[in-house]
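Visitor: Next comes the sequence, and after it the predicted model I'd like to discuss.
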Amino acid sequence: MYQHSRSVPVVSIVGRSNSGKTTLVEKLICELKKRGKKVGTIKHHAHNDMEVDK
(Lines give C-alpha, C1' and ligand atoms only; values in the text may rest on other atoms or scores of the structure.)
Protein backbone atom coordinates (compact mmCIF):
# COMPACT_ATOMS: atom_id res chain seq x y z
CA MET A 1 0.00 0.00 0.00
CA TYR A 2 1.31 3.44 -0.94
CA GLN A 3 1.45 6.05 1.81
CA HIS A 4 1.43 9.79 1.19
CA SER A 5 3.92 11.84 3.13
CA ARG A 6 1.62 14.89 3.21
CA SER A 7 -1.57 15.23 5.22
CA VAL A 8 -4.85 16.04 3.50
CA PRO A 9 -6.59 19.24 4.67
CA VAL A 10 -10.19 18.69 5.81
CA VAL A 11 -12.84 21.39 6.24
CA SER A 12 -16.18 20.77 7.93
CA ILE A 13 -19.10 23.14 7.36
CA VAL A 14 -21.99 22.88 9.83
CA GLY A 15 -24.99 25.05 10.61
CA ARG A 16 -28.73 25.29 10.88
CA SER A 17 -31.07 24.50 8.02
CA ASN A 18 -31.21 27.23 5.32
CA SER A 19 -28.19 29.05 6.76
CA GLY A 20 -26.25 29.00 3.45
CA LYS A 21 -23.94 26.02 3.99
CA THR A 22 -24.39 24.58 0.49
CA THR A 23 -23.97 27.99 -1.14
CA LEU A 24 -20.77 28.55 0.84
CA VAL A 25 -19.41 25.13 -0.14
CA GLU A 26 -20.23 25.70 -3.83
CA LYS A 27 -18.36 29.02 -3.82
CA LEU A 28 -15.47 27.53 -1.86
CA ILE A 29 -15.15 24.67 -4.36
CA CYS A 30 -15.02 27.11 -7.29
CA GLU A 31 -12.34 29.21 -5.61
CA LEU A 32 -10.20 26.21 -4.64
CA LYS A 33 -10.40 24.78 -8.16
CA LYS A 34 -9.34 28.16 -9.60
CA ARG A 35 -6.27 27.85 -7.39
CA GLY A 36 -5.51 24.42 -8.82
CA LYS A 37 -6.63 22.40 -5.80
CA LYS A 38 -8.31 18.99 -5.98
CA VAL A 39 -11.61 19.01 -4.10
CA GLY A 40 -13.84 16.23 -2.82
CA THR A 41 -17.06 16.60 -0.86
CA ILE A 42 -19.31 14.47 1.32
CA LYS A 43 -22.80 15.67 2.23
CA HIS A 44 -24.52 14.25 5.30
CA HIS A 45 -28.20 14.70 6.07
CA ALA A 46 -28.79 14.54 9.82
CA HIS A 47 -32.02 12.98 11.00
CA ASN A 48 -33.85 14.81 13.77
CA ASP A 49 -35.39 11.59 15.10
CA MET A 50 -31.99 10.08 15.90
CA GLU A 51 -31.19 9.72 19.59
CA VAL A 52 -27.56 9.80 20.61
CA ASP A 53 -26.22 8.20 23.80
CA LYS A 54 -29.42 6.49 24.93
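Guide: Everything's here; your move.

Visitor: what's the neighbour count on residue 26?
Guide: Burial measure for residue 26: 11 neighbouring residues, criterion other CB atoms under 10 Å. Backbone N, C-alpha and C define where each C-beta goes, glycine included.

Visitor: low pLDDT regions in the protein?
Guide: The chain contains residues with pLDDT under 70 at 1-2, 4, 46-54.

Visitor: switch to 80 and redo it
Guide: Along the chain, segments meeting pLDDT under 80 span 1-5, 45-54.

Visitor: residue ranges for the helices of it, please.
Guide: Using DSSP state H, the helices of the chain run over residues 21-34.

Visitor: show me where it has strands.
Guide: For the chain, strands defined by DSSP state E do not occur.

Visitor: Contacts for stretch 13-20 next, please.
Guide: Residues outside stretch 13-20 that contact it (CB atoms under 8 Å, 6 or more residues apart in numbering): 21, 24-25.
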